[in-house]
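Q: When you get a sec, could you give me coordinates for this:
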Amino acid sequence: MKAQEITNDPKRLNSHQQTLAAISALTATGDQEKLRSALNEGLDAGLAVNEIKEALVQLYAYCGFPRSLNALGTFQSVLDERASKGIRDKEGKAIIVENATADKYEQGRKVLEALTKTPQQKPAPGFGEFAPRADAFLKEHLFADIFSSDVLNYRQREFVTISALSAMPGVAPQLKAHIAMGKNTGITDAQLSALTGVIEKVAGRQQANVLRAAIGEPELPVMQPDMMVRIAEIEIVPEYLEQYNAILKKQSTISIEKEPGVISIFPMYQKDNPTVLRLLEIYAGKQAYDAHIRSAHFQEYKTSTLKMVKSLKLVEMGTINPEAIPDLFKKLK
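A: Residues are numbered from 1 along each chain as shown. Here you go, the predicted structure:
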């Protein structure tokens, strides 16, 4: 039986679906640290090795080979680590890689018709006429070769795609199209609503709001009522200044890239005294801050700079116009 077929309750997501959604979204975002945890959770929940493999291979068509290959590498290391601990994960159904259909374009076109429940022109209007090779790759490879494996059924494959696209900025039109296809395969409104919670957890509220908008649900405010704003006043031991600045730069950059709830960690120094630093820190809420200080990159920063910091003072700030924060840095884009 396939992961989503074990207990496919139309009103909720089971543990298999939740972990498959997290794996797909984190593959798309490229966060290998969180992906490692999600892969372990998925295997613990009973996802088969080949189900996860098939999802990660399929996602190359949506988020590119670099993200797909990185995810496969992380998955391989997770399996090696689990095997070294004596954990025997189920392989699942064998992945069929042969597809000897004479006309793969036609095969893929029919699959797309089944997904969309709409006649598919040949070539596809618009992009297919402008770039026929893209249309051929889409039909012959994605919807023919990849979809020919029945390790995942059409509903599962659309669920994987929707989860990944929900985590990726700038692909709202494709997300809406696949939501429609997903519904045609049996994904329910209730399951899509539940998916917003998974996306918010692994990719942040901003991306979850993209999914909410696509399914007609009200968006939730990115900034929480317990939003945290503060100034960190730091003085560095002079002989460690260059080393500290390099570590701080790396840590602040990773925090912004990997943590949706970290809005700003903006380091500055006094021009007449470079050992005196100020950091503008903005966190979406206390939960986001607590997650930040528990993160591996923050803990590495904290432990590696202890001897470098001469003094540290955290000044909690109030906001006069919190509504303006989402627009704060727009002029820099």
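
Q: First-to-last residue distance for stretch 111-129?
A: Its start and end residues considered, stretch 111-129 measures 20 Å (C-alpha to C-alpha, to the nearest Å).

Q: And the contacts of that stretch?
A: The contact list for stretch 111-129 (C-beta atoms under 8 Å, 6 or more residues apart in numbering) reads 105, 109, 132, 134-135, 138-139, 143-144, 147, 154, 158, 180-181, 184-185. The C-beta positions use only the backbone N, C-alpha and C, and glycine is treated the same way.

Q: And those residues, which is closest to residue 26?
A: The closest of those to residue 26 turns out to be residue 158 (C-beta to C-beta; 18.2 Å).

Q: In stretch 237-247, which of the residues would be classed as buried?
A: 240, 244-245 (16 or more other C-beta atoms under 10 Å).

Q: by contact count, what packs against the helix or strand hosting residue 163?
A: Taking DSSP states H and E as the definition, residue 163 sits inside helix 154-166. With contacts defined as 3 or more C-beta pairs under 8 Å, 6 or more residues apart in numbering; DSSP states H and E, the packing partners of helix 154-166 are helix 15-29, helix 49-58, helix 60-63, helix 104-116, helix 172-185, helix 189-203, helix 205-214.

Q: Could you export that helix as CSV, CA atoms only?
A: Coordinates of the C-alpha atoms in helix 154-166 are reproduced here as CSV (Å, rounded to 0.1, in the frame of the first residue of the first chain):
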residue,chain,number,x,y,z
TYR,A,154,-1.2,10.6,-9.1
ARG,A,155,-2.7,12.0,-5.8
GLN,A,156,0.6,11.4,-4.0
ARG,A,157,2.6,13.0,-6.8
GLU,A,158,0.4,16.1,-6.9
PHE,A,159,0.6,16.3,-3.1
VAL,A,160,4.4,16.3,-3.3
THR,A,161,4.4,19.0,-6.0
ILE,A,162,1.9,21.2,-4.1
SER,A,163,4.0,21.0,-1.0
ALA,A,164,7.2,21.9,-2.8
LEU,A,165,5.6,24.8,-4.8
SER,A,166,4.0,26.1,-1.6
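
Q: Helix 172-185 and that helix, what's the angle between them?
A: 160 degrees (axes from the mean of the first three to the mean of the last three C-alpha atoms, to 10 degrees).

Q: which non-adjacent residue is nearest residue 298?
A: Ranked by C-beta to C-beta, 6 or more residues apart in numbering and with sequence neighbours excluded, the top spatial neighbour of residue 298 is residue 292, at 5.8 Å.

Q: just checking, next helix/strand downstream of whatever helix or strand that neighbour lives in?
A: Here residue 292 is covered by helix 286-294, with elements defined by DSSP H and E. Scanning forward in sequence from helix 286-294, with DSSP H and E defining helices and strands, the next element found is helix 296-304.

Q: Many thanks, I have nothing further to ask.
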